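In: Would you be able to build a 3D model of this:
(chains A, B and C)
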Amino acid sequence: MNFNRRLFALGLAFFCSFSLVPFAQAQQDNLIDTIKKRGKLQVGFASFVPWAMRDKQGNWVGFEIDVSNKVAQDLGVRLELIPTAWDAIIPSLIAGKFDVIIGGLTITPQRQEQVDFTTPYSTSGQGVAASKQLAANLKWPEGYNSPNVTFTCRRGVAGCKTVEEKWPKATLRQFDDDAIAFQEVINGNAHAVISSEPKPSFFAIRHSDKLFKPTNENIVNTFEGFGLRKGNPAGLAGFNDWINKNQAWLKQRHQYWFRTQDWAGLVPSI
Amino acid sequence: MYIEGRRVGVENALIPARAAPPPASRLAWNRLDLLWVVVGVALLGAGMLKSQGAFSYRWDWSSVWPYFVKTDSLTGQWAPNLLLQGLMTTLRLALWGMLMATLVGLIMGWMRNHARLLFRMVASGYVMTVRNIPPVVFVFIFVYFISNQFMPLLALDQRVNALPVEVQSFLSVLFGPMELINNFFLGLVCLSVFSGAYVTEIVRAGLNSVPRGQAEAARSLGMTNLDIMIRVVWPQALRNVLPSLTGQFIQLIKDSSLVSLVSIQELSFMAQDVQVSTQRVFEVFVLTAVIYFFICFSLSQVFAHLERRHGREH
Amino acid sequence: MTTPLIDVQNLNKWFGQQHVLRDIHLKINAGQKVVICGPSGSGKSTLIRCLNQLEHHQEGLIYFDGRLVDKNQPYLQEIRRDMGMVFQQFNLFGHMTVLQNCVLPQMRVLGLSEKLARERAMQLLERVRIPEQANKYPAQLSGGQQQRVAIARSLCMQPKVMLFDEPTSALDPEMIKEVLDVMTELAQSGMTMLCVTHEMAFARRIAATMVSMDQGCLVEQANPEDFFERPQSSRTQTFLAQIL
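Out: Next up is the predicted model:
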């Protein structure tokens, strides 16, 4: 039995090491050329309101969808959208399941170690919505830095790190989803939720009986960039080029999706 | 008959059989049961009333239903939307998954008890690995490490695109939209490899449950090893473990939700998207749970019927 | 001197370190009926299981109808076809009806068509006097009926010799007679038979040769009269005293 286990462990180790080899080979020639030759741009993203969401017809709509469409159009190729679970989006990129992450990927130093970011193509902030029932008497922001205070956030977003840095003593609970994180605060089970704007503002308006915004400023201002596999400077340069050329268009689109509710008819939310 | 030492009555007659007294019925309720029910309902009602305030959730089903079936904006007709498409993918994963897992399980179960050491080691190594890794971790390792080896080699999407359109549309009924064939196949293989380990153990138990004498009798009649396996041993083995096997199939349907973690677009993944897009957390989850329950329950009824017909009765 | 149908020369078998068959020499001619008896553990069952290689022997030679019986021989299946075996535990295929039990081996091993196989099966089921049970499953039959089906199944293959491994030991007493009647009729029809049994009255009636074994050795071999009236070996005497 021992012999069996040793042999098996060896086999597994060998197999795993073998499987890591192709990653090294993933750094090839210019990504833009590869995309053009294939005729298809593969974009990875996850559903996040209003970056990407499904309308009532089941089609993808949102800021990132518009951006991806324009990039593909300008490159002269088709667009293939690859919806991916957010937790797995960077491993999926590294595993080669798509070419680029265009999904509101906030630029952070931790992520910088695994992926290459383009120059920012949009900025947003993180905001906090707090429970009127639990947090009305807490002083902002020092009153929130206590073990009795509970923050919630969606697992894997940059906001979770912000809570750990700015309110280290507070308890942080992470959820698979934004709506649940907000619901906890609405239900009075947590003091505050951190999320990317404009969600906190929208939710505070919609649930004004239960939520309020402790401050109208953004807690942190974040920048988003396209995420690319490391080791492809030519590809990076190509995408940077595109972003720089389309700054005005990007700003206008961002305004539409984030500051207005003109698109509210497409999706039955907020 | 002898009563008090004296001979009485007809010598050879036995006491005739009488009807049995009525048994205590298992379907009867008594007053105590009724009391329990009343108390239970009262507690439940009180609990719901109390939580209504704290819950403060506004239910809104009208925004979720269109994600199941929509009125297509182009044709104006009813068309399946995301949740229904996800359901179809789950059903396809379940169907093909059951077949493939059974195939894997039959082969590995046979290897498990084989005379050759190599076969036994391979099969037991496989079962040990899968059963001792949590499902989530297994799915991640399989999809992000192992599948990278063989998926590019298979290049399914390219092969499929080379086929004529009629063949493609036939295939899409069986396997889902052809654009997602890579995605679907990956989820299918992952699920089959995972479930196959449990089916292997069930098959092994089944093979062990068939008395050795069966194979001996068949051998002494001059039947070939293959015939013995296919016609004598396996039919009996599978009949013996039919309940466990069908239980594993139901489990497979529930396990199929695991592959949503690696972005296979089955029901759970679609439910997540819909839930994010509509912000209606509870409605979507409740609807998804009801759909899964319906599938699993229907299947278990089918299997119960099958067991009644073909089980160990004989 | 006719060539014996079964010729066992210097057969030796070990289970691990246990020497269970020691230097067995046995010749059986066509049409001969041999009954093997002895205390449990003496190797009787092992001996007849070696004949059709359900157990493999390590030393010695077994010849059947002039051919060497060995696990590596490609014609082992043909040899098994020509040897019918009836087991203590009947070993009927539980998932098939009685008729299917008899038909399947004929179709798969002899290559007969289903029609012919059925005809022969029904003939033999009549011979063992249970044709009305043809469409029942083994679990629905009594032990005696099951054993008679097992005999019919083996006879369907038209074997040259029938091997019986304690065929009545697992039966309730009231069913032993029906099986022994079938075996007696079979003996009278001229079949070569090799029987391991404790039924001494039956043995005395049908056997041409009685063989007794003890601890893997063939202790005594004689015709029934000499065997029962004047046993030579003390071991045979002890054994007979215990069971008679």
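In: ok, the residue positioned nearest the centre of chain B to B:Pro135 distance?
Out: Nearest to the mean C-alpha position of chain B, by CA atoms, centre = their mean, lies B:Ile250 at 1.8 Å. According to CB to CB, to the nearest Å, B:Ile250 stands 15 Å off from B:Pro135. Just so you know, the C-beta spots here come from the backbone N, C-alpha and C atoms, and that holds for glycine as well.
In: With adjacent residues omitted, what lies nearest to the residue nearest to the centre of chain B?
Out: Spatially, and ignoring its direct neighbours in sequence, B:Ile250 is nearest to B:Cys296 (5.2 Å; CB to CB, 6 or more residues apart in numbering or on different chains).
In: what helix or strand is that neighbour on?
Out: Assigning secondary structure by DSSP states H and E places B:Cys296 in helix B:281-310.
In: Show me what counts as buried in that helix.
Out: B:281-284, B:287-288, B:291-292, B:295-296, B:299, B:303, B:307 (16 or more other CB atoms under 10 Å in any protein chain shown).
In: check contacts around C:Pro224.
Out: The contact partners of C:Pro224, taken as CB atoms under 8 Å, 6 or more residues apart in numbering or on different chains, are C:203-204, C:207-208, C:210.
In: now do 6 Å
Out: Contact partners of C:Pro224, counting by CB atoms under 6 Å, 6 or more residues apart in numbering or on different chains, are C:204, C:207, C:210.
In: and chain B, which of those reach it?
Out: Cross-checking the contacts of C:Pro224 against chain B (CB under 6 Å from any CB of the partner chain) gives no overlapping residues.
In: wait, A:Asn240 sits on A:Tyr121?
Out: No. Contact status for A:Asn240 versus A:Tyr121: not in contact, 9.5 Å apart, counting by CB atoms under 6 Å.
In: In the stretch 101-250 of chain A, which residue sits closest to chain C?
Out: The shortest separation between the stretch 101-250 of chain A and chain C is 48.3 Å, found at A:Asp176 (distances taken as CB to the nearest CB).
In: For that residue, give me the pLDDT.
Out: Turning to A:Asp176, the model gives it a pLDDT of 82.
In: Excluding covalently adjacent residues, which one is nearest to it?
Out: Once flanking residues are discounted, A:Asp176 sits nearest to A:Arg155: 5.9 Å by CB to CB, 6+ apart.
In: neighbours around the one you found, how many?
Out: As a burial measure, A:Arg155 scores 14 neighbours (other CB atoms under 10 Å in any protein chain shown).
In: Same check on B:Tyr144?
Out: Neighbourhood size, B:Tyr144 [other CB under 10 Å]: 18.
In: before we move on, what about the one 3 residues further on?
Out: Using other CB under 10 Å, B:Ser147 has 22 neighbouring residues.
In: ditto for the one 5 residues further on
Out: By the measure other CB under 10 Å, the count of residues near B:Pro152 is 11.
In: which SS state does it fall under?
Out: Following DSSP: H, G, I helix; E, B strand; the rest coil, the label given to B:Pro152 is helix.
In: Give me the buried stretch members for the longest helix anywhere in chain C, please.
Out: Of all the segments assigned as helix in chain C under DSSP state H, the longest by residue count is helix C:173-188. By 16+ other CB under 10 Å, the buried positions in helix C:173-188 come out as C:175-176, C:178-180, C:182-183, C:186-187.
In: Within the sheet, what are the partner strands of the biggest strand by length in chain A, with directions?
Out: Of all the segments assigned as strand in chain A under DSSP state E, the longest by residue count is strand A:122-131. Strand A:122-131 has the following sheet partners, assigned by DSSP bridges: strand A:192-196 (antiparallel), strand A:211-212 (antiparallel), strand A:220-224 (antiparallel).
In: Can you lay out those as JSON lines showing mean pLDDT, distance to A:Trp167 and mean neighbour count?
Out: Compiled in JSON lines, the strands paired with strand A:122-131 are given as follows (pLDDT from 0 to 100; distance: least, CB to CB, whole Å; neighbours: other CB atoms under 10 Å in any protein chain shown):
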{"stretch": "strand A:192-196", "mean pLDDT": "90", "distance to A:Trp167": "9", "mean neighbour count": "27"}
{"stretch": "strand A:211-212", "mean pLDDT": "88", "distance to A:Trp167": "18", "mean neighbour count": "18"}
{"stretch": "strand A:220-224", "mean pLDDT": "85", "distance to A:Trp167": "12", "mean neighbour count": "18"}
